[in-house]
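Novice: Just need the structure, nothing else, for what follows:
(one chain, ligands or ions: 1)
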Amino acid sequence: MTKIIAYIGLGSNLITPEAQIKSARLAINALDKVQEQAFSSLYRSPPMGPQDQPDYVNAVMAIVTELDALPLLRCLQTIELEQGRERKDERWGPRTLDLDILLYADHCIDIPDLIVPHYGLTERAFVLYPLQEIAPMLELPKLGHINDLINNCPLAGLEKIV
Ligand code: ROI
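Specialist: As a prediction, this is how the structure comes out:
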């Protein structure tokens, strides 16, 4: 199996979000056939969607992996559950941990459980800015250069956590 570079978006707005992101990073690193290549700063942003929920902490991680996209997704979903993720009916409600496959090399995937590139990517400053931090030259399949996406995406209150 060839090695693939994938980008994972991490987000949390419940139960010490910074700690959730840090322990998710450790859990992803502990996966078989996954190595961390880069990890962005942590960023804070107001919620996109319903406003009656806490601010989010977000980050983006680059990994090198020999897992196919769907097995990788299943591993990430297991980590979400281990960190207390509850699936609620409310759309875009608060969550202890959200792990999304943003990109999987230059593959375009559209199967019932998984759309890659991630469908919300171009509108989400909390994804694009940390992604640009760790991959400033990135060309995204179908979407173009990361810098062009950033130029069309206002910060919307996103702040780097120092
Ligand atoms: N808003 C922000 N700022 N960060 C997120 O990670 C995030 N995740 C979500 C929704 C509810 C869309 N809003 C978010 O899933």
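Novice: distance of Pro17 from Ala105?
Specialist: From Pro17 across to Ala105, the span is 29 Å (Cβ to Cβ, to the nearest Å). Just so you know, the C-beta spots here come from the backbone N, C-alpha and C atoms, and that holds for glycine as well.
Novice: Comparing the two, which shows the higher neighbour count?
Specialist: Shown here are Pro17 and Ala105; by other Cβ atoms under 10 Å, Pro17 has more neighbours (24 against 14).
Novice: The more buried one contacts Val57, correct?
Specialist: Yes. Assessed by Cβ atoms under 8 Å, Pro17 is found in contact with Val57 at 3.8 Å.
Novice: Relative to the helix or strand harbouring Val57, what are the paired strands and their orientations?
Specialist: Assessed by DSSP states H and E, Val57 sits inside strand 56-65. Strand 56-65 has the following strand partners under DSSP bridges: strand 4-12 (antiparallel), strand 34-39 (antiparallel), strand 43-45 (antiparallel).
Novice: For it, could you pull out the residues that count as buried?
Specialist: 56-63, 65 (16 or more other Cβ atoms under 10 Å).
Novice: Contacts (any at all) between the ligand and that strand?
Specialist: Yes. For strand 56-65 and the ligand, the contact criterion (Cβ under 6 Å from any ligand atom) is met by 56, 58.
Novice: The residue in the chain that the ligand sits nearest to pairs with what?
Specialist: Closest to the ligand within the chain is Gly11: 2.7 Å, counting by Cβ to the nearest ligand atom. Here Gly11 sits in beta bridges with Asn58, Asp98, as judged by DSSP bridges.
Novice: before we move on, the earlier item: quick check: mean pLDDT of the strand holding Val57?
Specialist: In this model, strand 56-65 carries a mean pLDDT of 98.
Novice: Repeat that for stretch 16-28.
Specialist: Mean predicted lDDT for stretch 16-28 stands at 97.
Novice: just so I have it, where are all the helices in the protein?
Specialist: All helices of the chain, identified by DSSP state H, fall at 17-29, 69-82, 125-134, 146-151.
Novice: Give me whichever of those is most buried.
Specialist: Mean neighbour count (mean count of other Cβ atoms under 10 Å) peaks for helix 125-134 among the helices of the chain, with a mean of 22.
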